[in-house]
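>>> I'll drop the sequence and a predicted model, then ask my questions.
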Amino acid sequence: MNLFARYLSKELLRGYALSAVILVGLFSLITLADELDNVNQGEYQTADAFMFTLLTALKQAYDLLPVIVLLGTVFALGMLAGSGQLVAIRALGASMRDLLGMVLRTALLIIAAALVLAQLGIPQLEARAYSMRAERMSAESSLFGAQGLWARDGFRFVNIREFDMGRVPRGISIYDFSRSAGLVTYTHADAAIIVDGEHWKLQNVWIKQIGGDKNSASFHEQLAWQSFLNSQQLGALSIPPESLAPTDLYRYVRDLQRRGQASERYRLALWRQLSVPLAAILMALIAIPVVTGSSRSSTAAKRIMQSSAVGLLFYLFSTAVSYLGLLAAASPAVTTMGPLLLLALAAWMMLRKLG
């Protein structure tokens, strides 16, 4: 039985890889089409659009993981069933529970790897993609490098070293020059709260006035500042909430709630990220009765087409419910877990029929 378990795992991994290539390829074409509309904005060219699509492909794979698991499992089991190997294994004493355990072990391995990537790999690739796009599309008054973002507005310069949790500006230095006297004011803030695009609240601020014999310094715990940075410039250091690591999202949601700011969009992104592994497990469970419970007249191609329709419809349905719930101010936990409960009920009913 261990020999068959290793053989099945190899076939499942092959099925997952094939499903990922097909699905991520299709959805990446949509991303590429959108990016090609941005070509010739600033220095953004076709090669940059391809690079952006490539860097964001791993995030596409994570979002599509439930569908990938469903199709990969159906493909692998379908091939074994079509060649008679699955029937032979069942005849040798492998129960449905044994088959279920073998499939789940391999699926959990892939899901665990996906969670590690969601925490450690995907945010870095997404940050690089959005930074590259913003840099290529930004005005000449911006400079991006190892020291973060440098931007200029007349005789005022600002440097932002990084965006903590992907959303909170940290290490902010503002230099105000005059035409005749040179540097007049230097302002440094540990962090900032972006109230909206233009209005920021600087935190732990030191202001140094420079000029002749009147040099002075003052400290403010909080100070309002009107930013001149546009969305493209900020996009060089920040990434969409959906692309953040789960732990960063959790910290940022707690920070927003502590300050009494709206956090629904970020809570939704967190719940959607956490729902992906659960949906993938349920899809693996559904795939088993799809194959073993199908009639003999049901071909492998037909099963794959049916599974593709089920997986993609669930993906679209759950996404629509989540964002409609956001518009209706419903709880992100409810709108995200509601479709999963329906999926769990469907999996239970299908497995129950197999006995």
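Looks like it arrived, so ask away.
>>> list the buried residues for stretch 35-55?
Residues of stretch 35-55 classed as buried: Glu35, Asn38, Gly42, Tyr44, Asp48, Ala49, Met51, Phe52, Thr53, Leu55 (neighbour count, 16 or more other CB atoms under 10 Å). The way it works is simple: take the backbone N, C-alpha and C, and place the C-beta from them, glycine included.
>>> for stretch 51-67, same thing?
Quick answer for stretch 51-67 (16+ other CB under 10 Å): 51-53, 55-67.
>>> what of stretch 329-346?
For stretch 329-346, burial by neighbour count (16+ other CB under 10 Å) applies to Ala330, Pro332, Thr335, Thr336, Met337, Gly338, Pro339, Leu340, Leu343, Ala344, Ala346.
>>> as TSV, the residues you listed with pLDDT and secondary structure would be great.
Listed next are these as TSV, based on pLDDT from 0 to 100; DSSP: H, G, I helix; E, B strand; the rest coil:
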residue	pLDDT	secondary structure
Ala330	89	coil
Pro332	91	helix
Thr335	93	helix
Thr336	93	helix
Met337	92	helix
Gly338	92	helix
Pro339	92	helix
Leu340	93	helix
Leu343	91	helix
Ala344	92	helix
Ala346	88	helix
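>>> pick the one among the buried residues of stretch 51-67 closest to Ala17.
Ala61 (10.6 Å; CB to CB).
>>> now, among the buried residues of stretch 329-346, which is nearest to Leu268?
Nearest to Leu268 out of these is Pro332 (CB to CB; 4.0 Å).
>>> got the domain ranges for this protein?
Per automatic domain parsing, the structural domains of the chain span 2-128+262-354, 141-235.
>>> out of these, the one nearest Leu249 is which?
domain 2-128+262-354 (4.3 Å).
>>> whichever helix in the chain runs longest: what's the following helix or strand?
Of all the elements of type helix in the chain, the one with the most residues (DSSP state H) is helix 2-36. Of the helices and strands lying after helix 2-36 in sequence (DSSP states H and E), the nearest is helix 46-55.
>>> what's next to that following helix, contact-wise?
Residues from elsewhere that reach helix 46-55 (CB atoms under 8 Å, 6 or more residues apart in numbering): 28, 31-32, 35-36, 38-39, 125-126, 128-129, 132-133, 136.
>>> please save the CA atoms from stretch 183-198 in PDB.
Output of stretch 183-198 as PDB, limited to C-alpha atoms (Å, rounded to 0.1, in the frame of the first residue of the first chain):
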ATOM      1  CA  LEU A 183      18.300  74.200   3.500                       C
ATOM      2  CA  VAL A 184      15.800  75.900   5.700                       C
ATOM      3  CA  THR A 185      13.900  73.200   7.500                       C
ATOM      4  CA  TYR A 186      14.600  69.500   8.100                       C
ATOM      5  CA  THR A 187      11.700  67.300   9.300                       C
ATOM      6  CA  HIS A 188      12.000  63.700  10.300                       C
ATOM      7  CA  ALA A 189       9.200  61.400  11.300                       C
ATOM      8  CA  ASP A 190       9.300  57.800  12.500                       C
ATOM      9  CA  ALA A 191       6.100  56.900  10.700                       C
ATOM     10  CA  ALA A 192       2.900  58.300   9.200                       C
ATOM     11  CA  ILE A 193      -0.700  57.600   9.100                       C
ATOM     12  CA  ILE A 194      -2.200  58.200   5.600                       C
ATOM     13  CA  VAL A 195      -5.600  59.700   6.200                       C
ATOM     14  CA  ASP A 196      -6.200  60.000   2.500                       C
ATOM     15  CA  GLY A 197      -4.000  60.600  -0.500                       C
ATOM     16  CA  GLU A 198      -2.900  64.100   0.500                       C
END
